[in-house]
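Need the 3D shape of this:
(one chain, ligands or ions: 1)
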Amino acid sequence: MPLTPPGQTHNSEEGYIKYRCIFTPSVAPKAAQVALLNPLRTQLHRLGLIGVYSNGIGYGNISARLETSAQFIISGTQTGHLPELEPQHYSIVNRYSIYQNTVYCSGCIKASSEALTHAAVYELNPAFGVVIHVHHAGMWQRWLNVLPTTQTDIPYGTPQMANEIKRLYAETNLPEIRVLTMAGHTDGLLAFGYTGNDAFTALLKYYKEQ
Ligand SMILES: [Zn+2]
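Numbering: from 1, shown residues only. The predicted structure follows:
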């Protein structure tokens, strides 16, 4: 029998957790923390930007920084099929290491598979408060290599993706437009901002223009 690593790690398919997840089961996040992003998450689901593919794999996720810390609340893994989330569907990322590909999270559910990508965005600027990751075939095709775009050989949810986002932030107009496409992650786009409204507005501009 192979040794079981701490947490649960999957390495193959879309939506499964690629990082080492150290999960501490606990109570659900507080309602006030969930309120930072849940109305926006519901809106994104209605637009189909967060949802579920016909094969049952969920896509899209959203997070909000807690206070001014490095901690953040993020939608839980495989929640894309749910039209509305409850506090128990969110996870708190208490700490993480991009370098070690490890996330320490707590709540009733493990953090989204792309938690480290969100962490990388929060590291860009301490003022960024909300990160949105969506999937949309039309938008992705329209904006691929037009907006700042991550390299094709970089898969989502990996330390390489975190570093690639930092590169784009330094080398492109990403600080102003705050939306990027992920060439190595079909249909995937990322938007972020100071508030939920701000991130949503940034994304909506390209949603409307697709
Ligand atoms: Zn994705």
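
right, and the helix or strand after the longest strand along the chain?
As assigned by DSSP state E, the longest strand anywhere in the chain is strand 90-97. Past strand 90-97, further along toward the C-terminus, the next helix or strand under DSSP states H and E is strand 102-107.

Now residue 157: which helix or strand?
With DSSP H and E as the test, residue 157 turns up in no helix or strand.

on that earlier part again, who does the longest strand of the chain pair up with?
strand 72-75 (antiparallel), strand 102-107 (antiparallel) (DSSP bridges).

I'd like the average pLDDT over the first one.
Throughout strand 72-75, pLDDT has a mean value of 97.

ok, residues contacting it?
29, 33-34, 36-37, 41, 50, 61-66, 85, 89-93, 105, 111-112, 115, 118-119, 122, 131 (Cβ atoms under 8 Å, 6 or more residues apart in numbering). C-beta here means a position set from N, CA and C on the backbone, and glycine is covered the same way.

Name the stretch among the strands paired with strand 90-97 that sits most buried.
strand 72-75 (a mean of 28; mean count of other Cβ atoms under 10 Å).

Can I get that one in CSV, CA atoms only?
This file holds the C-alpha atoms of strand 72-75, laid out as CSV (Å, rounded to 0.1, in the frame of the first residue of the first chain):
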residue,chain,number,x,y,z
PHE,A,72,-9.0,34.6,2.6
ILE,A,73,-12.3,32.9,2.2
ILE,A,74,-12.9,30.9,-0.9
SER,A,75,-15.7,28.8,-2.4
